[in-house]
Structure formats: structure tokens, C-alpha cells
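Enquirer: Sequence first, then the predicted structure:
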Amino acid sequence: MATDATGTPTTNYSIPKFNKAVDAPSGEGGNQQMDAIDTLLANSATLLGAKARVIVRKNTGSDVGARRRLNLIEGSGITLTVADDSVNEEVDVTIAASAPTSGVVLLDDHTVSGSVLATYDTNTRLGGNIPQTYRELRLVVDARGDTAATTTPINLRFNNDSGANYDYQFVQGNAAVAGALETFAATQIVFVGMPAATAPANVSGGMELLCPNYAGTTWHKWIHGHNNIKRGTATTDLFVRTYLGNWRSTAAITRLSLTPAAGNFAIGSRFMLYGIS
């Protein structure tokens with residue numbers, strides 16, 4: 001049984017403090033005290049634990065638990081590399097995440113702010129080529145121009161190609177009137193575009209483009225898309241168009257750009273590029 005410094009039994013282990021070197025305690029009480037100290041030291045790993053407990057918390061919320069071991073589990077698309085660094089008294093964890101291989105992935109979401117934008121260019125936004133790991137590209141645009149007009153067209157090019165290599169067809173609805181137009185050997189695909197500076201305030205135009213098999217190298221590339229525009233509040237001020245566009249190239253699409261026919265994209269215009277698997 002453990003005792004205190006006077007030999008009185010106690011339920012807790014305690015180690016007396018000595019201000020100077022002394023001989024080991026003698027007598028029955030001293031022997032019991034030394035036995036207790038020896039037991040405490042011999043079983044310290046069991047009684048106290050060789051490792052301190054770590055409190056784990058998620059997103060600075062409430063504590064999840066306090067344990068001596070933290071188990072890291074690799075989720076989908078995650079690879080963990082764990083190494084014990086004894087020199088720095090730490091365990092290093094490296095987390096690597098791979099891009100999703102299925103579904104819809106947002107590649108870029110850019111809202112024009114600070115100053116107007118002359119051209120939306122994926123090379124500038126992505127810092128290089130469009131990733132070639134998806135089946136389709138989808139581009140969604142909500143934009144307005146700053147030129148002094150009610151509307152301005154938007155021009156689309158692939159891979160910075162300014163040659164006469166684009167063909168396109170659209171059908172249009174404007175009030176109760178339908179229309180259509182085809183164009184061959186153009187230097188870009190021209191969309192009806194967006195409202196501009198003299199259109200009603202706070203009005204924007206929308207575009208949605210889909211480009212299947214953009215990374216293929218067998219066929220010429222084609223797109224399918226929609227474009228809508230509002231230039232006022234009177235009849236014939238609403239337009240909607242459906243497009244088919246073709247680029248006369250078997251090269252994979254690694255870059256695309258949108259440029260207003262006049263002026264710039266106004267502050268607040270937004271561009272969202274998705275990869276679809």
C-alpha cells in the first residue's frame with residue numbers, strides 16, 4: 001500500500017520534494033514509500049500514458065474527442081503521405097487531391113471587377129491550356145458591354161485561330177417574327193451578344209455553350225448554344241437565338257476566348273467554365 005512521507009496510507013501516489021540530498025528513507029514506512037516510488041516509475045507508461053492526449057476539433061466547432069492517436073483516412077480522390085520526423089519532433093502529413101473523374105467540375109468562375117475586361121481568355125484565367133481530361137466543355141456567360149450602344153455582338157474563337165475557319169448557323173425569335181442566318185468561312189463565331197451602355201440599367205444578356213469531344217483529334221469541332229438579349233422594354237426588344245457553330249480543325253481545343261465586337265465587358269459580367277465527364 002502506498003503511504004505519504006510520514007508513513008500514513010494514501011490512495012494516491014505522491015513523490016515528496018527534497019530541498020537537499022538525503023539518504024533513502026529507512027524503516028517500515030520508508031520501505032513502503034520507496035516501493036511506491038519504484039512502482040510509479042516502473043508503470044508510468046501505463047498509469048500516465050507514454051503520449052499526451054490530443055483534442056480534435058473540426059472547423060473550430062465543438063471538440064470531437066481527446067485521444068492519444070489520430071487516425072487519418074483517405075477519402076475519394078485523396079492520397080495521404082505520412083512520415084515521422086524525429087529530428088523536428090513531428091509527424092508530417094502531405095495531402096494530395098486529384099481532380100474528380102466524373103460529373104461536372106467548375107474550371108473557372110470569373111466576375112469582372114475593378115475595371116472592364118477586353119477579352120475573356122481561358123489561357124489567362126487558367127494560366128495555360130484547358131485541361132484535356134473531360135468529355136465536354138460548358139461555358140455560361142452573364143454579361144453586359146460598356147460601348148455606347150443598346151447591344152454589341154460577342155465573338156468566339158478557339159486556340160487563338162483568327163483564320164477564316166469558322167462556320168455557323170442560328171435561328172432566332174424576336175417578338176412574333178422568326179429568322180435564321182448561316183455564315184461560312186468566318187474569322188470567328190458571332191453571337192447576338194449582350195446589352196450595352198445605352199440599354200436599360202441593370203440588364204444583362206446570357207449565353208450558354210456546349211462543346212462535346214473538345215479534346216478529340218479526329219473530327220472538326222462543333223458547338224451548340226443559346227443566346228438571349230434584352231435591349232429595351234418595347235416590343236421587338238427581346239431576342240433569343242439557338243446556335244450551331246463549327247471550327248474547321250481537328251486539333252484539340254486548348255483555349256477559347258470571347259471578345260465584344262465593340263468596347264469591353266462591363267464590371268459585373270460573369271464567366272463560368274465547366275468540364276463535364
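Expert: Everything's here; your move.

Enquirer: quick one, helices of the stretch 51-200 of the chain?
Expert: Listed in chain order, the helices of the stretch 51-200 of the chain (DSSP state H, counting those that start in this stretch) span 122-126.

Enquirer: shaky segments in it?
Expert: The stretch 51-200 of the chain contains residues with pLDDT under 70 at 51, 98-102.

Enquirer: OK, contacts around the residue positioned nearest the centre of the chain?
Expert: By CA atoms, centre = their mean, the chain has its centre lying nearest to residue 106, at 7.1 Å. If a contact means CB atoms under 8 Å, 6 or more residues apart in numbering, then residue 106 has 272-274 as its contacts. Backbone N, C-alpha and C define where each C-beta goes, glycine included.

Enquirer: Could you do residue 65 as well?
Expert: Counted by CB under 8 Å, 6+ apart, residue 65 has contacts 55-56.

Enquirer: May I have the beta-bridge partners of it?
Expert: Residue 65 has the following beta-bridge partners by DSSP bridges: residue 56.

Enquirer: Please report how far it lies from residue 225.
Expert: 52 Å (CB to CB, to the nearest Å).

Enquirer: Same check on residue 207?
Expert: 6 Å.

Enquirer: Give me the common contacts of these two.
Expert: Common neighbours of residue 207 and residue 225 (criterion: CB under 8 Å, 6+ apart): residue 191.

Enquirer: domains for this structure, by residue range?
Expert: 1-69, 104-276 (automatic domain parsing).

Enquirer: quick one: which of the ones you listed is nearest residue 83?
Expert: Among the domains of the chain, the nearest to residue 83 by CB to CB is domain 1-69 (16.6 Å).

Enquirer: Residue 269 contacts residue 143, doesn't it?
Expert: Yes. Here residue 269 reaches residue 143: they are 3.8 Å apart, a contact under CB atoms under 8 Å.

Enquirer: which neighbours do the two share?
Expert: 194, 204.

Enquirer: Let me see the ranges of the strands in the stretch 151-277 of the chain.
Expert: Here the stretch 151-277 of the chain has its strands, by DSSP state E, counting those that start in this stretch, at 151-158, 166-174, 177-186, 189-195, 205-212, 221-230, 238-247, 256-260, 270-276.

Enquirer: Can you tell me which of those is most buried?
Expert: strand 189-195 (a mean of 24; mean count of other CB atoms under 10 Å).

Enquirer: helices or strands up against that strand?
Expert: For strand 189-195, the elements it packs on are strand 151-158, strand 166-174, strand 205-212, strand 221-230, strand 238-247, judged by 3 or more CB pairs under 8 Å, 6 or more residues apart in numbering; DSSP states H and E.

Enquirer: ok, now which ones touch the closest residue to residue 184 other than its chain neighbours?
Expert: Spatial nearest neighbour of residue 184, chain neighbours left out: residue 167 (4.8 Å); criterion: CB to CB, 6 or more residues apart in numbering. By CB under 8 Å, 6+ apart, the residues touching residue 167 are 182-186, 245-246, 248.

Enquirer: Could you do residue 191 as well?
Expert: Contacts of residue 191 by CB under 8 Å, 6+ apart are 153-156, 207, 225, 227, 241, 243.

Enquirer: before we move on, back to that, could the domains of the chain be laid out in CSV, adding distance to residue 92?
Expert: Shown next, in CSV, are the domains of the chain (distance: least, CB to CB, whole Å):
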stretch, distance to residue 92
domain 1-69, 16
domain 104-276, 28
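
Enquirer: Figure out which of those is closest to residue 90.
Expert: Of all those, domain 1-69 comes closest under CB to CB, at 12.7 Å.

Enquirer: pLDDT score for the nearest residue to residue 194 once chain neighbours are set aside?
Expert: Counting by CB to CB, 6+ apart, residue 205 is the residue found nearest to residue 194 once chain neighbours are left out, at 3.5 Å. Among the per-residue scores, residue 205 holds a pLDDT of 95.

Enquirer: if we can go back for a sec, which of the domains of the chain sits closest to residue 93?
Expert: That would be domain 1-69 among these, by CB to CB, at 13.3 Å.
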